[in-house]
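Colleague: just need the structure, nothing else, for what follows:
(4 chains)
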There are 2 protein chains.
Amino acid sequence: MRVPLAAAAQVFKSLGHPARLRMVQALAKGECCVCELHALVGGDLSTTSKHLAVLVQAGVLSGEKRANKVFYRLRTPCVTDIIACLAAPRCARTGQR
Amino acid sequence: MRVPLAAAAQVFKSLGHPARLRMVQALAKGECCVCELHALVGGDLSTTSKHLAVLVQAGVLSGEKRANKVFYRLRTPCVTDIIACLAAPRCARTGQR
DNA sequence: TGGCTATTTGGCAGAATAGCCAAATAGATG
DNA sequence: CATCTATTTGGCTATTCTGCCAAATAGCCA
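Modeller: Numbers count the residues shown, from 1 in each chain, chains lettered A, B, ... in the order given. Next up is the predicted model:
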């Protein structure tokens, strides 16, 4: 294993929350601003912001400020694959679950 | 998405701990008994047992008792793919990280 | 500048998690 | 049966996570 175990675990941990997972799924289709992601998951806006910070910290997302909005995007296409694999009724590669 | 978001998040959450991730990696090579997994991650044996329970609860592992030992195995090859993807310096499918 | 929108930060209370110890359970074996 | 090995369960404390509120910050526009 080349990536430190702890770093990999941190990525999984960051994905281990329904709101964060939903946001990452949305971001798999392209970047979104915080307000869009917030509309997606509901709750307090500050909670959304903190969830995004967790994902950035784990290296899953990166954020960029443009005008007065902040746009987040996936940093690793790998994550998209991972989510697709779990989200499908069967694994796309193996045909099994 | 066909698998409930919450269930997928639970899988990620269960993988989001270094000891659990290490055990799952070992199990990707074949089933192990608790004592082997415990030797791998150290700490208290009861802690290992509880980590395994978390993974079973998430649907990642299944355990089977044979004689007086309990053997755990991966339930989903998908998880193996996921881990391989993250563990590699580059994603096996896309060549990117 | 003043106000407006978008987002983050600090702080707090409650819930969940981690890890250790002691005790209980299950099966093998003398 | 008594005992030994392997594992789980109950319980406890310390730590971390969640989600809300209030306040601060940053950039736009009149």
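Colleague: how close does the residue most central in space within chain A get to A:A7?
Modeller: For chain A, the residue nearest the mean C-alpha position is A:V24 (2.9 Å; Cα atoms, centre = their mean). Look at A:V24 and A:A7: by Cβ to Cβ, to the nearest Å, they are 17 Å apart. All C-beta spots, glycine's among them, are computed from the backbone N, C-alpha and C.
Colleague: hmm, back to that, ok, the residue nearest to the centre of chain A - contacts?
Modeller: The neighbours of A:V24, taking Cβ atoms under 8 Å, 6 or more residues apart in numbering or on different chains as the test, are A:L15, A:L55, A:V60, A:L61, A:L74, A:V79, A:I83.
Colleague: near chain B, list only the ones from the residues you listed.
Modeller: A:L15, A:I83 (Cβ under 8 Å from any Cβ of the partner chain).
Colleague: okay, helices next: where are they in chain A?
Modeller: Secondary structure of chain A (DSSP state H): helices at A:5-15, A:18-27, A:34-41, A:45-57, A:77-87.
Colleague: pLDDT-wise, which helix or strand of chain A ranks last?
Modeller: helix A:77-87 (a mean of 73; mean pLDDT, DSSP states H and E).
Colleague: could you say what helices and strands that one packs with?
Modeller: Here helix A:77-87 is seen to pack against helix A:5-15, helix A:18-27, helix B:5-15, helix B:77-87 when contacts are counted using 3 or more Cβ pairs under 8 Å, 6 or more residues apart in numbering or on different chains; DSSP states H and E.
Colleague: buried residues in the first one?
Modeller: Okay, so that is helix A:5-15. Using 16 or more other Cβ atoms under 10 Å in any protein chain shown as the test for burial, helix A:5-15 gives A:L5, A:A8, A:A9, A:Q10, A:V11, A:F12, A:K13, A:S14, A:L15.
Colleague: specify which member of these is nearest to B:K69.
Modeller: A:L5 (25.7 Å; Cβ to Cβ).
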